[in-house]
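>>> Could you work out the structure for the sequence below:
(one chain, ligands or ions: 1)
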Amino acid sequence: MPGSPDEHAAAPFAERHAVLIVGGGAAGITVAAELRRHRPGLSVAIVEPSDTHSYQAGWTLVGGGVFTLKQTQRPEQSLIPSGVTWIRQAAASFQPEENAVTLGDGRRIGYQMLVVCPGLQLDWDRVEGLPETLGRNGVCSNYSASSVEYTWHCINTFRGGSALFTQPPMPIKCAGAPQKIMYLAADRLRQRGLLANSGIAFCLAGDTLFSVPFFVPPLQRTVDQYGIGVHYRHELKAVDGPARTALFTARGPDGEAKEVALPFDMIHVTPPQSPPGFVRRSPLAAATGWVDVDPSTLRHTKFSNVFSLGDACSAPNAKTAAAVRLQAPVVTHNLLAALDSQPLPASYDGYGSCPLTVALGKTVLAEFAYGGKVTPTFPLDPRVPRRSAWLLKTKFLPFLYWNIMLKGSEFDIRHRERQFA
Ligand SMILES: Cc1cc2nc3c(=O)[nH]c(=O)nc-3n(C[C@H](O)[C@H](O)[C@H](O)COP(=O)(O)OP(=O)(O)OC[C@H]3O[C@@H](n4cnc5c(N)ncnc54)[C@H](O)[C@@H]3O)c2cc1C
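Okay, the predicted model is just below:
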């Protein structure tokens with residue numbers, strides 16, 4: 001039977017590498033580059049089907065009319081570190097007992113050490129009607145390269161009316177992104193004198209603006225300043241683009257559910273998100289479906305030659321490129337130690353960061369670690385919206401991503417836990 005474990009067991013390896021990396025996104029490229037810096041002779045291969053690599057953290061700015069999509073994309077080929085083999089295929093399944101990965105075309109690749117980082121899955125079809133209408137009828141999303149420019153079109157051509165912004169249940173990548181674009185949109189409308197004629201609503205499945213309570217007050221102030229209505233426990237179920245109506249399941253504090261239909265002139269949708277199917281169905285998955293790792297060493301809990309990082313792993317950090325930047329050296333150092341049969345030297349503290357663009361030119365730089373610890377890089381109160389944090393978001397972080405992080409240079413200004421009154 002094609003694709004059965006027995007067939008895989010019989011098939012010989014098409015290739016074998018010391019390190020095989022599944023996913024050539026933010027995490028895969030960074031780890032490959034760091035590994036080659038430390039061991040230039042190491043045989044490393046990346047399994048990645050896409051020809052284009054996107055700096056997704058820039059898509060809030062594309063949707064907000066600050067960046068173009070082109071500024072956030074580069075050919076994958078230009079980012080594959082020198083000496084690393086690029087296998088232009090999707091991984092289809094894992095056979096960790098046999099140290100093998102099977103590709104979409106049926107080939108099997110063998111490895112000594114495996115790094116799993118294929119990101120997460122965007123479940124557009126879990127919202128009825130959404131795939132059919134996305135990119136038309138005022139229905140936009142920053143979560144896809146194909147619809148992010150339409151977000152800016154919707155904001156730029158909005159002439160007043162109802163603007164909805166949705167957020168599905170957690171975890172999602174960049175948990176702040178659904179509201180960051182809302183604030184940029186509100187500020188654009190304010191600049192054009194349209195805010196008073198607009199009803200902006202944030203419809204979120206959860207019951208708090210942000211998972212780290214320390215950052216809720218500045219966000220609440222932002223919501224109040226723009227006059228945004230916040231609808232907690234509202235989960236988007238269906239979108240009727242031509243009728244310009246969104247259907248939500250709304251839960252009361254007691255859990256009682258009812259259906260609520262809201263009209264819109266534009267709606268920015270953040271789709272439901274989940275572990276990739278081929279990860280969820282594999283022996284590498286935890287009960288949640290994410291790759292089951294120790295949250296500190298990022299090594300798999302059962303297979304000692306498997307590591308995972310980025311959006312696909314089970315570590316309970318915020319799923320961000322900022323987290324990847326600090327996870328990559330941990331995986332690199334621990335993987336090399338495991339290769340040498342040495343104890344694992346590095347640990348990850350759950351650092352993540354979310355530059356919350358509360359206005360054009362102003363950002364609240366939220367940095368935090370496991371347990372909701374507030375861990376800023378700079379000794380400034382991070383609740384204060386700052387121009388410097390906006391410049392960091394729009395100028396320095398893209399530069400850091402393309403020229404430092406993806407090149408495998410482990411540059412870091414140390415963050416640390418700080419107390420603020
Ligand atoms: C709108 C938006 C705003 C964001 N804002 C921020 C922000 O401000 N700050 C921040 O730090 N982060 C932000 N992020 C999150 C950040 O982009 C991700 O957390 C980061 O890209 C995760 O890296 P990753 O390598 O795990 O996944 P990705 O970068 O998504 O890469 C996964 C790679 O795996 C590949 N892949 C998928 N399936 C397979 C397969 N079967 N086989 C092989 N390869 C496969 C994909 O093609 C992709 O190249 C944002 C994301 C979005 C969408």
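>>> hey, let's count contacts and neighbours off CA atoms from now on
OK.
>>> So what pairs up with the spatially most central residue of the chain in the strands?
In the chain, the C-alpha nearest the mean C-alpha coordinate belongs to K173, at 3.1 Å (Cα atoms, centre = their mean). Counting by DSSP bridges, K173 forms beta bridges with K319.
>>> Check the gap between it and G310 for me.
With distances taken as Cα to Cα, to the nearest Å, K173 is found 10 Å from G310.
>>> Identify the contacts common to the two.
Common neighbours of K173 and G310, using Cα atoms under 8 Å, 6 or more residues apart in numbering, are 319-320.
>>> Give me the buried positions along stretch 60-74.
60-65, 67-69, 72 (16 or more other Cα atoms under 10 Å).
>>> Go through those residues and say which is closest to H38.
Closest approach to H38 among the buried residues of stretch 60-74 (Cα to Cα): T72, at 28.1 Å.
>>> any idea how far the closest one is from the ligand?
Distance, T72 to the ligand, using Cα to the nearest ligand atom, to the nearest Å: 11 Å.
>>> Next, the contact list for that residue, please.
54-56, 58-59.
>>> And those, which is closest to P382?
Nearest to P382 among those, with distances taken as Cα to Cα, is G58, at 20.8 Å.
>>> what kind of secondary structure is that closest one in?
helix (DSSP: H, G, I helix; E, B strand; the rest coil).
>>> my read: it touches V66, true?
No - using Cα atoms under 8 Å, G58 is not in contact with V66, being 9.3 Å away.
>>> Which pLDDT value goes with P12?
Looking at P12, its pLDDT stands at 86.
>>> Go ahead and confirm it touches R108.
Yes - the pair P12 and R108 qualifies as a contact (Cα under 8 Å) at a distance of 6.9 Å.
>>> which of those two has more neighbours?
Comparing P12 with R108 by other Cα atoms under 10 Å, the one with more neighbours is R108, at 24 against 13.
>>> Provide a list of residues in contact with the closest residue to E367 other than its chain neighbours.
Among residues not flanking E367 along the chain, S353 sits closest, at 4.3 Å (Cα to Cα, 6 or more residues apart in numbering). Residues in contact with S353 (Cα under 8 Å, 6+ apart) are 318, 320, 322-323, 365-368.
>>> Name the member of these with the most neighbours.
A318 (28 neighbours).
>>> phi, psi of that one?
Per-residue torsions, A318: phi -70, psi 130 (degrees, to the nearest 10).
>>> So what's the residue count around the spatially closest residue to it that is not a sequence neighbour?
Nearest residue to A318 in three dimensions, chain neighbours excluded: G352, at 5.5 Å (Cα to Cα, 6+ apart). Using other Cα under 10 Å, G352 has 23 neighbouring residues.
>>> so what pLDDT did G352 get?
96.
>>> That one and A321, how far apart?
Applying Cα to Cα to G352 and A321 gives a distance of 8 Å.
>>> got the domain boundaries for this structure?
5-120+276-350, 123-273 (automatic domain parsing).
>>> what ranges do the helices span in this structure?
With helices called from DSSP state H, the chain shows them at 5-10, 26-38, 59-63, 130-133, 148-157, 177-191, 216-226, 277-280, 321-339, 387-391, 397-399.
>>> possible to save these as CSV with distance to the ligand?
Conversion of the helices of the chain to CSV gives the following (distance: least, Cα to the nearest ligand atom, whole Å):
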stretch, distance to the ligand
helix 5-10, 17
helix 26-38, 4
helix 59-63, 5
helix 130-133, 17
helix 148-157, 8
helix 177-191, 5
helix 216-226, 16
helix 277-280, 7
helix 321-339, 3
helix 387-391, 11
helix 397-399, 9
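>>> just checking, G350 touches A323?
Yes - counting by Cα under 8 Å, G350 touches A323, with 7.3 Å between them.
>>> what residues are shared contacts of those two?
Shared contacts of G350 and A323, defined by Cα under 8 Å, 6+ apart, are found at N317.
>>> What's the separation between the residue nearest to R416 when sequence neighbours are not counted and F368?
Distances taken as Cα to Cα, 6+ apart place T375 nearest to R416, at 4.6 Å, with adjacent residues excluded. According to Cα to Cα, T375 stands 5 Å off from F368.
>>> hey, what's in contact with both of the two?
With Cα under 8 Å, 6+ apart as the test, T375 and F368 both reach Y351.
>>> Apart from its chain neighbours, what residue comes closest to V62?
What sits nearest to V62 in space, not counting adjacent residues and going by Cα to Cα, 6+ apart, is T68, at 5.4 Å.
>>> Likewise for R16?
Nearest non-adjacent residue to R16, counting by Cα to Cα, 6+ apart: G110, 4.2 Å away.
>>> Kindly report the same for P218.
R383 (5.9 Å).
>>> Would you mind measuring from that neighbour to the ligand?
16 Å.
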